[in-house]
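[1] Below: sequence and its predicted model.
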Amino acid sequence: MTDPVKQAAEVLKEHRASIDRLDAILVYTLGERFKHTQAVGKLKAEHDLPPSDPNREADQIARLEDLAKQADLDPVFAKKFLNFIIAEVIQHHKQHQQS
């Protein structure tokens with residue numbers, strides 16, 4: 001018979017290892033995403049385009065909310081997360097405009 005505490009500790013260790021791998025994926029994915037948004041910001045600055053595109057942002061938020069529902073993720077959280085990212089991207093684009 002196995003010790004339930006040891007068994008729970010092993011299951012916890014496995015969950016935490018998965019969480020750590022997923023955190024790494026998130027960080028690298030965000031890094032890749034921001035490389036592209038930086039390039040977009042430079043392109044917008046070079047062609048005197050506005051740093052923000054409200055129609056695109058609204059489409060992206062709606063798309064992410066749908067994806068969140070499909071992934072069984074709270075769509076309110078997903079929307080907050082994307083709004084945070086969009087705000088960062090717009091700040092970067094404004095910086096490129098000022099350069």
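    Cool, got the structure.
[2] alpha carbons only for contacts and neighbour counts from here, please
    OK.
[3] Quick check: what element follows the strand or helix carrying K35 along the chain?
    Under the criterion of DSSP states H and E, K35 resides in helix 4-46. Remark: after helix 4-46, the chain's next helix or strand is helix 54-70, criterion DSSP H and E.
[4] And the helix or strand that comes right after that next one, what's buried?
    Tracing the chain C-terminally past helix 54-70 and defining elements by DSSP H and E, one meets helix 75-98 next. By 16 or more other C-alpha atoms under 10 Å, the buried positions in helix 75-98 come out as 75, 78-79, 82-83, 86, 89-90, 92-94, 96-97.
[5] Tabulate these (CSV), appending pLDDT and distance to T2.
    CSV is the format used below for those (pLDDT from 0 to 100; distance: C-alpha to C-alpha, whole Å):
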residue, pLDDT, distance to T2
P75, 94, 40
A78, 92, 40
K79, 92, 44
L82, 90, 45
N83, 91, 47
I86, 90, 50
V89, 90, 51
I90, 90, 55
H92, 88, 55
H93, 86, 57
K94, 88, 59
H96, 82, 60
Q97, 83, 63
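[6] Mind putting those into CSV with distance to I61?
    Formatted as CSV, the buried residues of helix 75-98 follow (distance: C-alpha to C-alpha, whole Å):
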residue, distance to I61
P75, 10
A78, 8
K79, 6
L82, 7
N83, 8
I86, 10
V89, 14
I90, 15
H92, 19
H93, 19
K94, 21
H96, 24
Q97, 24
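[7] out of the residues you listed, which one sits closest to T29?
    The nearest member of the buried residues of helix 75-98 to T29, counting by C-alpha to C-alpha, is L82 at 13.6 Å.
[8] State the distance from the residue nearest the centre of the chain to N55.
    Note on the chain: the residue nearest the mean C-alpha position is L30, at 5.7 Å, using C-alpha atoms, centre = their mean. L30 sits at a distance of 22 Å from N55 (criterion: C-alpha to C-alpha, to the nearest Å).
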